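Enquirer: Just need the structure, nothing else, for what follows:
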Amino acid sequence: MDVDSYLARIGYAGSLGTKPQVLRDLHRAHMHSVPFENIDIHLGQRIELGLESIYDKIVRRRRGGFCYELNGLFAWLLERLGFAVRRHSGRVFGAAGLGPEFDHLTLQVSAGEAWLVDVGFGDSFVEPLPLVPSNAVEQAGCGYRLQLTDEIWCLERRKQGEDWEPQYQFTLVQRRLEEFAAMCDFHQTDASSPFTQKRVCSLATPVGRITLSGRRLILTDGDRREESELADEEAIRKVLRQRFGIDLGDVTGAQSRGAFV
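Expert: Got it, this is the predicted structure:
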């Protein structure tokens, strides 16, 4: 890894070291620069968990990724910068209930105290959360808190005017990146995976979030939400270039799930 290139990729030019403020600044910079996206799955391009290939995709080719890629690579950067990092398996709450083990990769990082670090869960907290139970934190109009029951941690989120909802749960058992390989394969091949059902590309902004979901472009700014339908693949690729900095070149999705759109 070229640390300087990675820091340039996320637009980070601040101080280094292992202080909490550095961790917060790095996390925020990553969330504002590297999109959560599953485009390769819909282009029929296999996602591998080798750190070198993830680095090439995200840093050199200026792409995004999903949790295994984003948190896997961010953990490597943080370790190179001197942070102590532990990788944990998360089980995501979805429409069908609680997902299986290794459904999500999340991180615990030591910086003065223990922090939950996660740049790979899409629309979620922008700065790390203290790994402390029942400590509610407000970020970008949402509340976040961690609950602890019988050594199982649960991340909960509360949108304005709504009740707390569980996002995912995890234990502090330390894992290795390669242990997530089977679920990474599942999520990019199985018809029941949410990642095979719909293309998504989403990025936090200083005022909200920009998301491409299927053909829909969704812009949020505080309480304001604006949606528009994109006409065709050319329009989608233009949005990817202009809004997310993703240039797919001549790659097509004909070899996998039909048309890219």
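
Enquirer: Which parts of the chain are helices?
Expert: For the chain, the helices defined by DSSP state H cover 3-9, 20-33, 39-42, 51-55, 67-80, 181-189, 194-197, 233-244.

Enquirer: Mean pLDDT, mean neighbour count and distance to Asp223 added to those helices, as TSV?
Expert: Heads up, the C-betas are built off the backbone N, CA and C, glycines and all. Below are those laid out as TSV (pLDDT from 0 to 100; neighbours: other CB atoms under 10 Å; distance: least, CB to CB, whole Å):
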stretch	mean pLDDT	mean neighbour count	distance to Asp223
helix 3-9	98	15	31
helix 20-33	98	20	20
helix 39-42	94	23	29
helix 51-55	97	16	36
helix 67-80	98	22	27
helix 181-189	96	18	32
helix 194-197	92	17	26
helix 233-244	94	16	21
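
Enquirer: okay if I get those helices as TSV plus distance to Asp103?
Expert: Shown next, in TSV, are those (distance: least, CB to CB, whole Å):
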stretch	distance to Asp103
helix 3-9	26
helix 20-33	21
helix 39-42	16
helix 51-55	19
helix 67-80	9
helix 181-189	6
helix 194-197	10
helix 233-244	25
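
Enquirer: The ones you listed: which one's closest to Leu212?
Expert: Ranking these by distance to Leu212, with CB to CB as the measure, places helix 233-244 first at 6.0 Å.

Enquirer: that older thread, for Pro133, find the nearest of the helices of the chain.
Expert: Of all the helices of the chain, helix 20-33 sits nearest to Pro133, with 18.6 Å by CB to CB.

Enquirer: The closest one packs against which elements?
Expert: Counting contacts by 3 or more CB pairs under 8 Å, 6 or more residues apart in numbering; DSSP states H and E, helix 20-33 packs against helix 67-80, strand 104-111, strand 113-117, strand 200-205.

Enquirer: Now tabulate those in CSV and tack on distance to Gln21.
Expert: As requested, those are arranged in CSV below (distance: least, CB to CB, whole Å):
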stretch, distance to Gln21
helix 67-80, 14
strand 104-111, 9
strand 113-117, 12
strand 200-205, 19
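
Enquirer: looking at the ones you listed, which is closest to Trp164?
Expert: Trp164 lies closest, by CB to CB, to one member of the helices and strands packed on helix 20-33: strand 113-117, at 16.1 Å.

Enquirer: tell me how far that closest one is from the chain's mean position?
Expert: Remark: strand 113-117 is offset 16 Å from the chain centroid, using CA atoms, centre = their mean, to the nearest Å.
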